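Asks: Any chance you can model this:
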Amino acid sequence: MIRVEQPRDLLQQVGRSLGATEWMAISQERINQFAQASEDHQWIHVDPERAAKGPFGDCIAHGYLILSLANKFLPELLLVKTYSLGLNYGCDKIRFPNSVKVAQRIRGVGELISGEAKPGCVQVVVRIVVEIEDEERPACVVDTISRFYD
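Replies: Numbers count the residues shown, from 1 in each chain. Below you'll find the predicted structure:
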């Protein structure tokens, strides 16, 4: 994790690894809740009996569920102590190289890719790689764009 006092201090941290978050398990309950919220009830996510016979051998998490967890991982990887407002400005280069099966554990590994002073704020790009425990390929790789206002 990188800890800085103010947004402008991020500019000196570009290129640094942010480390890794704690592991978290992906439960069928979480997948079902995401299916409800997103109205994506595809059987590979929510029907364990059918999914057991499918291409993954089990239910898998929605790719967008895994992507949404970048919002959980980011403050666990990067802490700005003094700022008035933090905004999610968007994402670049989102990829889903692997699927997360029910009960697998994931974590976020971060790197501060770039930083730029903007009027009243600092904009940073943090690459988050969502690793799956005991898997070679990650579940998701995303370049998040955040703005921290003074």
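Asks: Spell out the residue ranges of the strands in this structure.
Replies: 2-4, 17-20, 24-25, 78-80, 85-95, 105-118, 121-132, 140-149 (DSSP state E).
Asks: Okay, now the sheet partners of the fourth one, with direction.
Replies: Put plainly, it is strand 78-80. strand 2-4 (parallel) (DSSP bridges).
Asks: Can you lay out the strands of the chain as a markdown table showing mean pLDDT, mean neighbour count and distance to D40?
Replies: Heads up, the C-betas are built off the backbone N, CA and C, glycines and all. Output for the strands of the chain, formatted as a markdown table (pLDDT from 0 to 100; neighbours: other C-beta atoms under 10 Å; distance: least, C-beta to C-beta, whole Å):
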| stretch | mean pLDDT | mean neighbour count | distance to D40 |
| --- | --- | --- | --- |
| strand 2-4 | 95 | 15 | 34 |
| strand 17-20 | 98 | 16 | 28 |
| strand 24-25 | 98 | 14 | 21 |
| strand 78-80 | 96 | 19 | 29 |
| strand 85-95 | 95 | 13 | 17 |
| strand 105-118 | 98 | 18 | 19 |
| strand 121-132 | 98 | 21 | 19 |
| strand 140-149 | 98 | 20 | 16 |
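Asks: could these go into JSON lines alongside distance to I60?
Replies: Converted to JSON lines, the strands of the chain look like this (distance: least, C-beta to C-beta, whole Å):
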{"stretch": "strand 2-4", "distance to I60": "32"}
{"stretch": "strand 17-20", "distance to I60": "22"}
{"stretch": "strand 24-25", "distance to I60": "14"}
{"stretch": "strand 78-80", "distance to I60": "28"}
{"stretch": "strand 85-95", "distance to I60": "16"}
{"stretch": "strand 105-118", "distance to I60": "12"}
{"stretch": "strand 121-132", "distance to I60": "11"}
{"stretch": "strand 140-149", "distance to I60": "12"}
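Asks: Show me the one of those that comes nearest A61.
Replies: Proximity to A61, assessed across these by C-beta to C-beta, is greatest for strand 105-118 (8.5 Å).
Asks: Quick one: list the elements packing against that closest one.
Replies: Applying 3 or more C-beta pairs under 8 Å, 6 or more residues apart in numbering; DSSP states H and E, we find strand 105-118 packed against strand 17-20, strand 24-25, helix 70-77, strand 121-132.
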